[in-house]
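A.B. asks: what follows is a predicted protein model with its sequence.
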Amino acid sequence: MTRRTRTRPRARPRARPRPRAGRLAAAVLTALLLLLPAACVSLPESGPVVQTDASRDTGQGTGFTFDPLPPQPDASPAEVVKGFLDAMTAVPIQTSSAAQFLTQEARTTWRPQQRTITYGATTAPVGTSRVTVQVSEGGNRFDARGAWLGPLRGEQRELSFIMQQDEQGQYRIARPPDALIVPESWFEARFERLSLHFFDPAARVLVPEPVFVVDDDALATRLVEGLLEGPRGGAGGSRTFFPTGTRKELSVPVSDDGVASVSLIDVGRQTPESMSLMVVQLAATLRQVPGLDALRVSVDGQPLVLPAGDDGRFPIDLGAEYDAAVPHANAAVFGLRDGLLVAGIPEAMDAVGGPFGTAAQGLRSIAVNLDGDTAAGVSEDGTSLLLGPVYDDRGVAREVLADATDLLEPSWDHAGRLWLVDRGRRDARVYHRRDGATEELRVRGITGTDVRALAVSRDGSRLVAVVRRSGRDEIVVSRVLHGDQGEVLRATGATSILGGTGEPQRIRDIAWQTPVTVAALVQVTAELWEVRTVAVDGAPTSQDSVATLNGPVRSLAGSPVPGQDLVVLTRDEAISVAESVTGRVPVQAGQQTLGYAG
């Protein structure tokens, strides 16, 4: 998959934008033109024109349909495989057309819903009893929920099809891959990037997991199916309150007045608290569906009635207090100006009343916790860390760490935990501090490297860092695993999501744009900078360029809360990147840093 460069509004929980009509139509037309020799293209006057199956029953609403041709008489094995691959690009999306290319037995065992494989280009099918297709460009894997599993590598790039002849001597596929196999452009035009919502082990905050889901009238059904699959193994210790084996009964219909009805079976007896948190997971996941205002839930045939519901209807914003963006966090912008802590909006910031705002403490960076009442400042030489109240004029700034080598700007999570990186001499160490105790956390891929910046997600589940290797910057992410009391257990090895080999670039700063999206301030040329965003799973289609700016630039501020915009700080301006519009406001002289709480 290639990186898309475009400008778009930030996604908002209640108003998810549909793919733009022009881009979608262009992608559909491209796919249709490529497939004209093997299929019939029509513009319907009414109703569906293809038979769909339960696994992929979709209506895209694009105005176009692609009705694949069935197997042709006396087609060669290679032609059958080509027809099979073409049939999987049916519009509306369905797999019954592709199933016609299978033997009778294979039709009953084929499970295309188990995973999705995308490709940029393939070689022509080759073979007779065993036909192979090589993915020559691109190639990515997605699990049953739509979570990105990574690119196709090595032997995975060869797709194999075992052939048999039926009683009429016609070749059919006896052993197809259990996957939906489609072109990358076709996938991008029809799958929307959304999130499934699980809980941290202590059930204090929701943890979103990015997935790609077909954007159609069955979107609510698909999201519930993915949610019931549970968090993927190694997903950072996320937990679900749906018992193992819980299934949905039929689809998830949405009424004309915006109420989704979710019928769950095989749930069994659960505590009222667990039931409530199940509904919170449903609400957080389903509020990404446009037009939804509420949901009804039935469990094992009985309507679910909880104190949070109004006559069995649960508002779609139920559980906002668990939101991974922590929207109730202090919304002010904080920063250092002439060594003093200031707060407000970029063009009008005033010194706070606490110790950091009334007397210069000799700081080079500062971070304020999500409640907006405690600040952590790094000394000018990077060797010490000071803590103190933000507004309490009776408080004092205390030195809590004095033997560091080169501390980066700190970061706070929802639990009031402070995250630190001591760069050392290109030999970074990661620490977390809570309740007066500081502990080191070893993170493979971050610990011991040359770290330039660190940001922790507000839900505390992810560490994102800028690491410099061989003269190139890259962004890496690690999952933080917590215990059921909220304690930090360990971190997974960091994986690269942006930059590295092949991209000679400098990344000046990073910030959160959404709970699952990181923004980066990337140098393009000596004077040109780009604000680029990337999802925490690193899926190539998640990478966007949202703004380009002339330098010099200082830093990037961001917040996962909708409406709190990305802001680039220059020598004398704060440049807001929001809603496809770049706004500039002057900042007061001496403004050193700028950032949101966290």
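C.D. replies: Thanks, I have the structure now.
A.B. asks: just confirm residue 221 is within a helix.
C.D. replies: Yes. Per DSSP: H, G, I helix; E, B strand; the rest coil, residue 221 lies within a helix segment.
A.B. asks: and stretch 177-196, end to end?
C.D. replies: Counting by CA to CA, to the nearest Å, you get 26 Å between the two ends of stretch 177-196.
A.B. asks: in that stretch, what's buried?
C.D. replies: Residues 177, 179-196 are the ones in stretch 177-196 that count as buried (16 or more other CB atoms under 10 Å). For every residue, glycine as well, the C-beta is placed using N, CA and C.
A.B. asks: how about stretch 496-514?
C.D. replies: Of all the residues in stretch 496-514, those buried under the rule 16+ other CB under 10 Å are 497-500, 505-514.
A.B. asks: what sits closest to residue 371 if chain neighbours are left out?
C.D. replies: residue 330 (6.4 Å; CB to CB, 6 or more residues apart in numbering).
A.B. asks: tally of neighbours for the one you found?
C.D. replies: By the measure other CB atoms under 10 Å, the count of residues near residue 330 is 18.
A.B. asks: pretty sure it is touching residue 367, no?
C.D. replies: No. Using CB atoms under 8 Å, residue 330 is not in contact with residue 367; the gap is 12.0 Å.
A.B. asks: with adjacent residues omitted, what lies nearest to residue 249?
C.D. replies: residue 263 (4.0 Å).
A.B. asks: confidence score at the one you found?
C.D. replies: We have a pLDDT of 96 for residue 263.
A.B. asks: likewise residue 551?
C.D. replies: So residue 551 comes in at 81 (pLDDT).
A.B. asks: low-confidence stretches in this protein?
C.D. replies: Along the chain, segments meeting pLDDT under 70 span 1-63, 233-236, 501-504, 579-582.
A.B. asks: returning to what we had before: surely the residue nearest to residue 249 meets residue 251?
C.D. replies: No. Contact between residue 263 and residue 251 fails when scored by CB under 8 Å: they sit 9.1 Å apart.
A.B. asks: mutual contacts of those two, please.
C.D. replies: Between them, residue 263 and residue 251 share no contacting residue under CB atoms under 8 Å, 6 or more residues apart in numbering.
A.B. asks: before we move on, the earlier item: of the buried residues of stretch 177-196, which belong to helices?
C.D. replies: Applying DSSP state H to those, the entries found in helices are 184-190.
A.B. asks: quick check, nearest of these to residue 84?
C.D. replies: residue 186 (14.9 Å; CB to CB).
A.B. asks: quick one: the closest one and residue 89 touch, right?
C.D. replies: Yes. Using CB under 8 Å, residue 186 is in contact with residue 89, at 5.2 Å.
A.B. asks: mind listing what the residue nearest to residue 371 touches?
C.D. replies: Applying CB under 8 Å, 6+ apart, we find residue 330 in contact with 368, 370-372, 597.
A.B. asks: that one in helix, strand or coil?
C.D. replies: Going by three-state DSSP: residue 330 is coil.
A.B. asks: please tell me how far it sits from residue 376.
C.D. replies: 14 Å (CB to CB, to the nearest Å).
A.B. asks: put the alpha carbons of the strand or helix carrying the residue nearest to residue 249 into CSV.
C.D. replies: Per DSSP states H and E, residue 263 falls inside strand 259-265. What follows is strand 259-265 as a C-alpha-only set of coordinates in CSV (Å, rounded to 0.1, in the frame of the first residue of the first chain):
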residue,chain,number,x,y,z
VAL,A,259,-31.5,3.1,17.3
ALA,A,260,-29.3,0.0,16.8
SER,A,261,-30.7,-3.3,18.2
VAL,A,262,-28.0,-5.7,19.4
SER,A,263,-29.2,-9.3,20.2
LEU,A,264,-26.5,-11.3,22.1
ILE,A,265,-26.7,-15.0,22.8
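A.B. asks: most widely separated two among the buried residues of stretch 496-514?
C.D. replies: Across the buried residues of stretch 496-514, the longest distance by CB to CB is 24.1 Å; it joins 506 and 514.
A.B. asks: nearest to residue 385, of the ones in helices among the buried residues of stretch 177-196?
C.D. replies: Of those, the one sitting nearest to residue 385 (CB to CB) turns out to be residue 188, at 44.7 Å.
A.B. asks: is it true that that closest one touches residue 541?
C.D. replies: Yes. With contacts counted by CB under 8 Å, residue 188 reaches residue 541, the gap being 5.7 Å.
A.B. asks: spatially nearest residue to residue 298 (excluding sequence neighbours)?
C.D. replies: The shortest distance from residue 298 to any non-neighbouring residue, by CB to CB, 6+ apart, is to residue 263 (4.8 Å).
A.B. asks: how close does the one you found sit to residue 226?
C.D. replies: Distance from residue 263 to residue 226, by CB to CB: 17 Å.
A.B. asks: ok, these two, which is more surrounded?
C.D. replies: Taking other CB under 10 Å, residue 263 and residue 226 do not tie; residue 226 has more neighbours (22 against 19).
A.B. asks: residues contacting residue 367?
C.D. replies: Residues near residue 367 by CB under 8 Å, 6+ apart: 334, 375-377, 409-412, 418, 595, 598.
A.B. asks: repeat that with 7 Å
C.D. replies: Neighbouring residues of residue 367 by CB atoms under 7 Å, 6 or more residues apart in numbering: 375-376, 409-412, 595.
A.B. asks: now swap in residue 316 and tell me
C.D. replies: When contacts are counted by CB under 7 Å, 6+ apart, residue 316 touches 283, 286-287, 292-295.
A.B. asks: apart from its neighbours in sequence, what residue is nearest it?
C.D. replies: Residue nearest to residue 316 in three dimensions, not counting chain neighbours: residue 287, with 4.5 Å by CB to CB, 6+ apart.
A.B. asks: run through who's touching stretch 141-155.
C.D. replies: Against stretch 141-155 from outside (CB under 7 Å, 6+ apart): 113-117, 135, 139-140, 196, 209-213, 226, 229, 232, 537, 539.
A.B. asks: next: stretch 558-567.
C.D. replies: 10, 12-13, 325, 327, 331, 346, 458, 511-515, 519, 531, 556-557, 574-578, 594, 596.
A.B. asks: can you give me the helices for the stretch 251-400 of the chain?
C.D. replies: Counting by DSSP state H, counting those that start in this stretch, residue ranges of the helices within the stretch 251-400 of the chain are 272-286, 355-358.
A.B. asks: need these in a markdown table (columns: mean neighbour count and distance to residue 102).
C.D. replies: Conversion of the helices of the stretch 251-400 of the chain to a markdown table gives the following (neighbours: other CB atoms under 10 Å; distance: least, CB to CB, whole Å):
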| stretch | mean neighbour count | distance to residue 102 |
| --- | --- | --- |
| helix 272-286 | 20 | 33 |
| helix 355-358 | 22 | 69 |
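A.B. asks: reformat those as JSON lines; add distance to residue 477.
C.D. replies: Formatted as JSON lines, these follow (distance: least, CB to CB, whole Å):
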{"stretch": "helix 272-286", "distance to residue 477": "21"}
{"stretch": "helix 355-358", "distance to residue 477": "31"}
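A.B. asks: that'll do, ta.
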